[in-house]
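Enquirer: pasting a predicted model and its sequence here:
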Amino acid sequence: MAISDEQFERIATTVITGFLGSGKTTLLNALLTQDGMDNTAVLINEFGEIGLDHLLVREVSEDVVLLNSGCICCSVRGDLISGLRDLFVKRTRGEIPAFDRVIIETTGLADPAPILHTLMTDPLLTTKFRLDSVVTTVDAIHGSGQLDQHPESVKQAAVADRILMTKSDLADDTTRTALEARLRALNPAAPIYQVINGDIAVSKLFNAGLYDPETKSMDVQKWLRDEAYDHHGDEPHDHEHSHDHDHSRDDAHDHGHDHHGHSHDHSHDHDVNRHDDHIQSFCITFDEPLHWDAFVTWAEIFTQMRGESLLRVKGILNLVGEDAPVAIHAVQHVFHPPASLPAWPSDDHRSKIVFITKDLGPQVIRESLYHLNAAVSETGNTAPTS
Ligand SMILES: Nc1nc2c(ncn2[C@@H]2O[C@H](COP(=O)(O)OP(=O)(O)OP(=O)(O)O)[C@@H](O)[C@H]2O)c(=O)[nH]1
C-alpha cells in the first residue's frame with residue numbers, strides 16, 4: 001500500500017459530463033485553444049461538433065488528430081472505454097505523442113457512475129489511468145428544470161469534483177443563486193464556477209485527485225474536502241446535507257442522536273418526488289481507530305448489497321496498529337485499492353469518510369461500521385462471520 005511511482009505515472013483522467021446542451025462541447029472547444037493542453041488527449045464524440053479545422057496540425061489517423069496546442073484529439077464512435085484503450089495502444093506504439101492526461105467528454109444522457117466504475121475496474125485502464133476529476137456542466141437557465149426531470153442530471157452534479165454553471169450570461173442573479181444553492185446542497189464539496197462560453201482556465205478543472213504529480217505527494221485535504229460538510233458547526237461528528245424524508249426507507253428515521261452520540265441529522269422537508277431529494281452527502285467521523293478487517297467486511301457488504309446507492313465514497317482511515325492513515329475511494333460496487341499515506345495531514349487523526357449516496361442515509365452506514373468494529377475488537381482482530 002506504499003505510494004509507488006507507478007501511481008503517479010498513471011495517466012490523469014478528467015471526465016466531463018453534463019446534461020444535453022449544457023455546454024460540454026463549447027467548454028471543450030474553448031479548452032482546446034488554451035496553452036497548457038500539450039500532453040493532453042481529448043476523447044470526444046464527433047470531430048465535426050467541435051470544428052477543429054483552424055486548430056489542426058496534422059491528422060494522425062481517421063480518428064485521431066494533433067492540434068497546435070499539442071493536444072491530441074480522438075473521436076470515439078460508441079464505447080468510450082475501447083476508445084481509451086485504442087488511444088493507449090497508439091501511445092505505446094509511438095504513433096501519437098506520449099500524453100500524460102486524458103479528458104473524456106461523455107454524452108449528455110450518460111449516467112456518469114458506470115463510466116467511473118469502468119475506469120476503476122477495467123484491468124488495463126486501472127493500471128494505466130487514474131481518475132483525477134469529474135467536471136459537470138450545468139445550464140444556468142435550464143439546470144433546475146433538468147434536475148427536476150432527469151435523474152441522470154442529478155447524479156452528474158452529485159458526483160462532480162468541479163461544477164461549471166454554464167451560460168451564466170443568460171440567467172439573472174436570482175436564478176443563478178437558487179441553482180447554486182441547490183447544487184451546493186447536492187454536492188457540498190465541489191467548487192462551483194460560473195462560466196460563459198466555456199471560458200475557464202484548464203488548471204481549475206484538473207488535480208482534484210489524491211495524487212499531485214507535480215509535487216509527487218498526496219494532498220488529502222484538497223481531495224477529501226471534509227470541511228465542506230461542516231456547515232452546521234454545532235456538532236463535530238456527523239455532518240449531512242440531506243434532502244430525503246422518505247420514511248419508507250430503512251434509515252429514514254435518522255433524526256438525531258444515535259446510540260453512540262455520533263449523529264446529528266439536519267434533514268429538511270422537501271418534495272420527496274424531486275430527484276435530488278434522493279441524494280445525500282455526508283461525512284462520517286470515527287474517534288476510535290478502526291480495525292481494517294471490520295472496514296473490509298463493511299465495504300464488502302455495502303458494495304454488494306447497496307452498491308448502486310454509493311455514488312461516491314472517499315475517506316481517510318485511522319487503523320488499529322497503523323501509524324499512518326490509509327485513503328479509501330469507492331464508486332458504486334467497487335473500492336479502489338487503498339493507499340497508505342506517508343503521514344497525517346493535520347493533528348486531527350480521526351477517520352473521516354465522505355459519502356454521496358442515493359436513497360441511503362448516514363445512520364445505517366455509521367451503525368453497521370461501528371458494530372462491526374466493536375465485534376472485531378471483542379474477538380481480537382478477526383473479521384466477524386455474521
Ligand atoms: N449564451 C451562451 N450560450 C452558450 C454558452 N455555452 C454554450 N452555449 C450554447 O449552448 C448550446 C449548446 O452548447 P453545447 O456546447 O453544444 O452543449 P453540449 O453539452 O455539448 O450539447 P450536447 O452535445 O448536445 O449534449 C450551443 O448553442 C452553445 O453555443 C454560454 O456560456 N453562453
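Expert: Structure's in. What do you need?
Enquirer: what parts of this protein come near the ligand?
Expert: Applying C-beta under 6 Å from any ligand atom, we find that the chain lies next to the ligand at 18, 20-26, 108, 166-167, 169-170, 196-197. (C-beta placed from N, C-alpha, C; glycine too.)
Enquirer: quick one: least confident of those residues?
Expert: For the residues of the chain next to the ligand, the model is least confident at G108; its pLDDT is 68.
Enquirer: what is the neighbour count of the closest residue to T121 other than its chain neighbours?
Expert: Excluding the flanking residues, the one nearest T121 by C-beta to C-beta, 6 or more residues apart in numbering is V334, at 5.4 Å. Using other C-beta atoms under 10 Å, V334 is surrounded by 18 other residues.
Enquirer: show me the shaky parts of the chain.
Expert: Within the chain, the stretches with pLDDT under 70 are 1-8, 78, 108-109, 213-216, 230-275, 380-386.
Enquirer: isn't P362 up against T285?
Expert: No. P362 lies out of contact with T285 (C-beta atoms under 8 Å); the separation is 10.6 Å.
Enquirer: which one's the longest strand in this protein?
Expert: Ordering each strand of the chain by length in residues (DSSP state E) puts strand 129-139 first.
Enquirer: parallel or antiparallel, which strands does that strand pair with?
Expert: strand 11-18 (parallel), strand 162-166 (parallel) (DSSP bridges).
Enquirer: C-terminal to the first one, what's the next element?
Expert: Helices and strands here follow DSSP states H and E; after strand 11-18, the next one along the chain is helix 24-32.
Enquirer: run me through the strand neighbours of the helix or strand that that next one is followed by, direction for each.
Expert: Per DSSP H and E, the first helix or strand lying C-terminal to helix 24-32 is strand 40-44. Strands flanking strand 40-44 in the sheet, each with its direction: strand 72-75 (parallel), strand 101-105 (parallel) (DSSP bridges).
Enquirer: can I get the ones you listed in CSV with distance to I44?
Expert: As requested, these are exported to CSV (distance: least, C-beta to C-beta, whole Å):
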stretch, distance to I44
strand 72-75, 6
strand 101-105, 5
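Enquirer: in JSON lines: these, plus mean neighbour count.
Expert: As requested, these are exported to JSON lines (neighbours: other C-beta atoms under 10 Å):
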{"stretch": "strand 72-75", "mean neighbour count": "23"}
{"stretch": "strand 101-105", "mean neighbour count": "24"}
